[in-house]
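Undergrad: Have a look at this prediction, sequence included:
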Amino acid sequence: MGVTQSLGLPRGQGAFPVGCTDVMVGQSPKGLFFRLFYPCIPQDGAEEPAWIPRYEYYYGLADYMNMNRKWFAPLLSVTFGSCKIPVNWNAPFRPSSHKYPLIIFSHGLGAIRTVYSAICIEMASRGFLVMALEHRDRSASATYFCKLDPESPDLPGSQVNEEWLSYRGVPKDQKEFHFRNPQLHQRANECIRGLKLFRSIDGGKTPVNILHTDFDLSALKDNIDLTKVAVMGHSFGGATSVLALVKEAQFKCAVALDAWMFPLENSLYPKVTKPVLFVNTESFQTPESVAKMKKISATSNESKIITILGSVHQSQTDFTFLAGNLVNRLFQTRGTIDPYEGLRITNQAALAFLQKHLQLKEDFDQWDPLLEGIGDCIVPDSPLQKSSL
């Protein structure tokens, strides 16, 4: 199928209007930085945030792609600078008598917290809180942390000193596994710290958001269902979700989108006893990677492997919706499947899986056949092609 709709991120298909805000906690790289997507009370004239929030990220993307900053960053800015995320920025949180389940989302190599907004929006529109982390392990294209004026650290308008962390490739004198595996563990630990932060908020201990947005984090108190928590991620983030699932008992299941299995140590596989949904694209996976997924599905009989036909690795990112024909030809951001159809399959399979393993009382089980690879443009297991990574 060809692309039939104009460029732009889709709105959520669920019942809830979606808000989002940025949160930075702590004044060192050991703090947390994330975008929170949540059911909101929509406001007239609400601002829609920029998809790429700072120009520095264009430099980071240029570095990650080994492109010249001087010409590639401006090209990216022209291409994506006007792109907005269809959410209500800093809108009031919508309280609920039924607490919201929580998803912690881990981005892929060279990505940032915003580039999976389409998936995060859909999950929030279906009644989830979604914490989209921006990892500080130097696998993001770029990220930063802030230090405040020590004389008035809690006051809005305090002097902020930013320190940027650039993407780091594998050093020439080091094997890739020995470089990526420690990053993977840092990422998983950041997911666990994210969960602990929500525990604190739900218990009435609201952290200081250094960014001083208008959103009130204390409004989340008594609205988070900490018995229904999942971890989700794409590529490097897919592997992160698997590791975090093993490390943290409170994570009930994981959704791994086109997971890059290489950085996971072999000793981990027998420990993955909780359910994992692997949603693969057609062109990315290798026989070795799929064999590792099958080790997990053999250990946990509730784990599933499905493949979306006509999709490429970037089909599960926002680039598939926002890249024009030139960028698509250069970086293969779209496959033959319509991006909106690919997103629908990905989201519906994830929602069906989450309903089952978080024991949700929703209607997401209508999409259970997708978990068996039954439906248009989807198959069970994985038709193998050569990976592009």
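TA: Looks like it came in fine. Residues are numbered from 1 along each chain as shown.
Undergrad: For the strand of greatest length in the chain, name the packing helices and strands.
TA: Scanning the chain for the longest strand, with DSSP state E as the assignment, gives strand 224-234. Packing partners of strand 224-234 (3 or more C-beta pairs under 8 Å, 6 or more residues apart in numbering; DSSP states H and E): strand 100-106, helix 176-202, helix 236-247, strand 251-257, helix 339-358. Backbone N, C-alpha and C define where each C-beta goes, glycine included.
Undergrad: So what are the sheet partners of it and their directions?
TA: Paired neighbours of strand 224-234 in the sheet (DSSP bridges): strand 100-106 (parallel), strand 251-257 (parallel).
Undergrad: hang on, the earlier thing: relative to F16, which of the helices and strands packed on strand 224-234 is closest?
TA: For F16, the closest of these is strand 100-106, at 9.3 Å, according to C-beta to C-beta.
Undergrad: So which residues make contact with the closest one?
TA: 38-39, 116, 119-120, 123, 127-133, 135, 187, 191, 194-195, 198, 223-226, 228-234, 236-238, 240-241, 244, 251, 354, 358, 360 (C-beta atoms under 8 Å, 6 or more residues apart in numbering).
Undergrad: Repeat that for stretch 64-76.
TA: Residues outside stretch 64-76 that contact it (C-beta under 8 Å, 6+ apart): 52, 55, 58-59, 61-63, 109-110, 141, 167, 331.
Undergrad: now do 10 Å
TA: With C-beta atoms under 10 Å, 6 or more residues apart in numbering as the test, stretch 64-76 has contacts from 52, 55-63, 81, 109-111, 139-142, 166-169, 326-327, 330-331.
Undergrad: again with stretch 352-360
TA: Residues outside stretch 352-360 that contact it (C-beta under 10 Å, 6+ apart) are 98, 101-103, 123, 126-128, 225, 227-230, 232, 252-255, 274-277, 279, 302-304, 306, 351, 361-371.
Undergrad: send the alpha carbons of that stretch over as PDB?
TA: Taking C-alpha atoms only, stretch 352-360 is exported to PDB below (Å, rounded to 0.1, in the frame of the first residue of the first chain):
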ATOM      1  CA  ALA A 352      -4.500  -6.200  23.400                       C
ATOM      2  CA  PHE A 353      -1.300  -7.500  25.000                       C
ATOM      3  CA  LEU A 354      -1.400  -4.900  27.800                       C
ATOM      4  CA  GLN A 355      -5.000  -5.600  28.500                       C
ATOM      5  CA  LYS A 356      -4.200  -9.300  29.000                       C
ATOM      6  CA  HIS A 357      -1.200  -8.900  31.100                       C
ATOM      7  CA  LEU A 358      -2.100  -5.800  33.100                       C
ATOM      8  CA  GLN A 359      -5.600  -7.300  33.600                       C
ATOM      9  CA  LEU A 360      -7.400  -4.200  32.300                       C
END
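Undergrad: For the stretch 51-200 of the chain, just list every one of the strands.
TA: 88-89, 100-106, 129-133, 142-148, 160-166 (DSSP state E, counting those that start in this stretch).
Undergrad: Could you identify which of those is most buried?
TA: Mean neighbour counts were compared across those using mean count of other C-beta atoms under 10 Å; the top stretch is strand 100-106, at a mean of 27.
Undergrad: I'd like the distance from it to the chain centre, please.
TA: Strand 100-106 sits 9 Å away from the centroid of its parent chain (C-alpha atoms, centre = their mean, to the nearest Å).
Undergrad: tilt between that strand and helix 176-202?
TA: 150 degrees (axes from the mean of the first three to the mean of the last three C-alpha atoms, to 10 degrees).
Undergrad: mean confidence score for strand 100-106?
TA: If you average the pLDDT over strand 100-106, you get 98.
Undergrad: how big is the angle separating that strand from helix 236-247?
TA: Inter-element angle recorded for strand 100-106 and helix 236-247: 120 degrees (by the same axes, to 10 degrees).
Undergrad: okay, strand 100-106 in PDB with CA atoms only?
TA: Extracted in PDB, the C-alpha atoms of strand 100-106 (Å, rounded to 0.1, in the frame of the first residue of the first chain):
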ATOM      1  CA  TYR A 100      -4.400   5.100  35.200                       C
ATOM      2  CA  PRO A 101      -1.900   2.200  34.300                       C
ATOM      3  CA  LEU A 102       1.600   3.300  33.600                       C
ATOM      4  CA  ILE A 103       3.900   2.700  30.600                       C
ATOM      5  CA  ILE A 104       7.600   3.600  30.700                       C
ATOM      6  CA  PHE A 105       8.900   4.100  27.200                       C
ATOM      7  CA  SER A 106      12.600   3.700  26.100                       C
END
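Undergrad: re earlier: among the contacts of stretch 64-76, which ones are buried?
TA: 52, 56-63, 109-111, 139-142, 167, 327 (16 or more other C-beta atoms under 10 Å).
Undergrad: Any stretches of this structure with poor pLDDT?
TA: Within the chain, the ranges that satisfy pLDDT under 70 run 1-6, 149-159, 325-330, 384-389.
Undergrad: in it, which spans are helices?
TA: 56-64, 69-80, 117-125, 176-202, 236-247, 287-299, 319-322, 325-331, 339-358, 368-371 (DSSP state H).
Undergrad: Compare these and give me the one nearest Q27.
TA: helix 176-202 (14.9 Å).
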